[in-house]
Structure formats: structure tokens, C-alpha cells
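Chemist: curious how this folds, go ahead:
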Amino acid sequence: MTDAERVLWREVRARRFAGFKFKRQEPLGMYVVDFVCYEARLIVELDGGQHADQQEMDAERTRWLESRGFRVVRFWNNDVLTNTAGVMQEIEKVLLPLSPALSRRGRGRFRSQKQ
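Modeler: The predicted structure is shown next:
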């Protein structure tokens, strides 16, 4: 794992993020995604500098994943390392529509808000 992946994994592993289960380095079709939450149909991709040169490949990958019903959000590694709370807020915005149902099951509040 990269440093950025370690930081994000620390935030989302073991259902720490609002009770959602994330998996890392998960194979989906011909791709391996950085993080996926099957319950929310959400994929989180972390991009290093090399992704600036492969934007079309990343766009194709995103289209394929979205065609399978996933929402894909991307963050630069540097953003995860320097603004973890901001990245977690963006992920929270994607998951927020699901949170009322989770609250009824006792999973309510996003733990990342403690920061």
C-alpha cells in the first residue's frame, strides 16, 4: 500500500466509517480497485502523479465500473496525506443519503466527525 492508502485504510477499515464495510485492493472484472464498499456501491480510487499521464485510461476504467452500478470517487494521494478530514467529508457526502437507514440499525453517526 502507498502512504495515502494506509491513511485512508486507517479511516475506513473495520467498519470505522459509519458502519460501512470497505475492502481494499479488490478485483472487479479486469481491474483492481483501491477501496470498495459493496453496500453503498462506492469505489474510492487514490491517484498518484502517474495518473496525470493516464487520464483517458482512468476515464475508461471509471466508465466500466459505473456501468456495473458503482459510483467512483477519485482523490490525489497528496490530498489524502495533507487533508484527510476534507477527503473523508467528501466520501461522507456520497454516503450521507444512506445514513438515515443506518441510524435505525444503530450505526448512525460518522466517526470521522470526531476529528
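
Chemist: what strands line up against the one helix or strand Phe75 maps to, and which way round?
Modeler: For Phe75, the host element (DSSP states H and E) is strand 71-76. Strand pairing for strand 71-76, using DSSP bridges, gives strand 42-47 (parallel).

Chemist: can you list contacts of the strand it pairs with?
Modeler: For strand 42-47, contacts defined as C-beta atoms under 8 Å, 6 or more residues apart in numbering pick out 2, 4-5, 8, 12, 22, 28, 33-37, 58, 65, 70-77, 80, 91, 94-95. Placement of C-beta: from N, CA and C, glycine included.

Chemist: show me how to select, in ChimeraX, the buried members of those residues.
Modeler: In ChimeraX, this line selects whichever of the contacts of strand 42-47 come out buried by 16 or more other C-beta atoms under 10 Å:
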select :4,5,8,12,22,33,34,35,36,37,65,70,72,75,76,77,80,91,95
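
Chemist: restricting to C-alpha, output the strand holding Phe75 in CSV.
Modeler: Extracted in CSV, the C-alpha atoms of strand 71-76 (Å, rounded to 0.1, in the frame of the first residue of the first chain):
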residue,chain,number,x,y,z
ARG,A,71,-20.1,5.3,-8.1
VAL,A,72,-16.4,6.1,-8.4
VAL,A,73,-14.7,9.0,-6.5
ARG,A,74,-11.1,9.8,-7.0
PHE,A,75,-8.6,11.7,-4.8
TRP,A,76,-5.0,12.6,-5.3
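
Chemist: what residues does it touch?
Modeler: Contacts with strand 71-76, where a contact means C-beta under 8 Å, 6+ apart, come from 4, 40-48, 58, 62, 65-66, 87, 90-91, 94.

Chemist: let's see it at 6 Å
Modeler: By C-beta atoms under 6 Å, 6 or more residues apart in numbering, the residues outside strand 71-76 that reach it are 42-47, 62, 65, 87.
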